[in-house]
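Student: Sequence below, structure please.
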Amino acid sequence: MTKLDRSRLESLAEELMEKQFQRVTKLRELHAGEWTDRDYYIRHITETVLRIRLNNEVDTYALFKVGSKDDSLAAKLAQYLAEEFGHEGMFTRDLNKFGFTSEQLEATDVFPATKQLMGYLRLEADKRGPAPTTVWDWFVEWYSDRYNQIITNKAAEEFGTEFTQGTQTHLDFDESHDHDELMFRTVSQAVEGFGSAEQAYADLATYIDLIGDYFQELYDSTVGARELASA
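Tutor: Sure thing, here's the model as predicted:
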């Protein structure tokens, strides 16, 4: 069985993200630190909180699907979960600074692309165990290392550092715990035991397409809707 190649996985992620930059409104500018928008950013942080909650559920389910088949892999997944649980509270503090209440947060529904992503992860775990979920978790950490500091810096510049303190705390935590490295070790082991490298590359393409869909939905529901209303 072909082992997962880290350089291929990372280059594929870059290539697939470039496709999203080409098709999704303002996505390249957001990730280059050249653009942000208050409504867009607040809704993005809101989705981040809601997606973290859902992500913890699918990670827990993936851990359940490992069962007693691979104790070493289960330990890695459990470590990641233990270090991630409760982190949505860091982002919630930033939302509160913007005046976005906990009642508004609980009343917000996630975007269709997020539902599709989480549904895919849950259904594929039933068929293929933890491998698909660990590919997603690896991408989340790779993406965060590459882009989230840039996005946060631009938000701090535009809105003030007091509005990004929770997000920055999360970034600092991930860096100090080297989650990118932890998740690559985890995904490599999961793919070797429960899947294949080719399936992992295909999963990554699915995830990044859905992330692109999410960012377009985000733009359309905030900046796009505002522009339509003013027109």
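Student: What is the end-to-end distance of stretch 217-230?
Tutor: This stretch, stretch 217-230, spans 19 Å end to end (C-alpha to C-alpha, to the nearest Å).
Student: Let's test this: mean pLDDT of the longest helix along the chain, rounded?
Tutor: In the chain, ranked by residue count with DSSP state H as the criterion, the top helix is helix 38-66. For helix 38-66, mean pLDDT rounds to 95.
Student: which strands and helices sit next to the next helix or strand after it?
Tutor: Helices and strands here follow DSSP states H and E; after helix 38-66, the next one along the chain is helix 71-84. For helix 71-84, the elements it packs on are helix 38-66, helix 179-194, judged by 3 or more C-beta pairs under 8 Å, 6 or more residues apart in numbering; DSSP states H and E. Bear in mind the C-beta positions are built from the backbone N, C-alpha and C, glycine included.
Student: Give me the number of neighbouring residues for residue 46.
Tutor: Using other C-beta atoms under 10 Å, residue 46 is surrounded by 20 other residues.
Student: now it, nearest residue through space, not along the chain?
Tutor: Spatial nearest neighbour of residue 46, chain neighbours left out: residue 108 (5.5 Å); criterion: C-beta to C-beta, 6 or more residues apart in numbering.
Student: Same question for residue 189.
Tutor: Spatial nearest neighbour of residue 189, chain neighbours left out: residue 73 (4.9 Å); criterion: C-beta to C-beta, 6+ apart.
Student: and what of residue 216?
Tutor: Counting by C-beta to C-beta, 6+ apart, the residue nearest residue 216 is residue 24, at 4.8 Å.
Student: Quick check: the one you found vs residue 74, distance?
Tutor: 36 Å (C-beta to C-beta, to the nearest Å).
Student: Dump whichever strand or helix holds residue 22 to PDB, restricted to CA.
Tutor: Assessed by DSSP H and E, residue 22 sits inside helix 6-23. Provided in PDB are the C-alpha atoms of helix 6-23 (Å, rounded to 0.1, in the frame of the first residue of the first chain):
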ATOM      1  CA  ARG A   6       3.500  14.700   3.000                       C
ATOM      2  CA  SER A   7       5.000  16.900   0.200                       C
ATOM      3  CA  ARG A   8       2.400  15.700  -2.200                       C
ATOM      4  CA  LEU A   9      -0.400  16.300   0.300                       C
ATOM      5  CA  GLU A  10       0.900  19.800   1.000                       C
ATOM      6  CA  SER A  11       1.400  20.700  -2.700                       C
ATOM      7  CA  LEU A  12      -2.100  19.300  -3.500                       C
ATOM      8  CA  ALA A  13      -3.600  21.500  -0.800                       C
ATOM      9  CA  GLU A  14      -1.800  24.600  -2.300                       C
ATOM     10  CA  GLU A  15      -3.000  23.700  -5.800                       C
ATOM     11  CA  LEU A  16      -6.600  23.200  -4.700                       C
ATOM     12  CA  MET A  17      -6.600  26.400  -2.600                       C
ATOM     13  CA  GLU A  18      -5.400  28.300  -5.600                       C
ATOM     14  CA  LYS A  19      -8.400  27.000  -7.600                       C
ATOM     15  CA  GLN A  20     -10.700  28.400  -4.800                       C
ATOM     16  CA  PHE A  21      -8.800  31.700  -4.900                       C
ATOM     17  CA  GLN A  22      -9.700  31.900  -8.600                       C
ATOM     18  CA  ARG A  23     -13.400  31.200  -8.200                       C
END
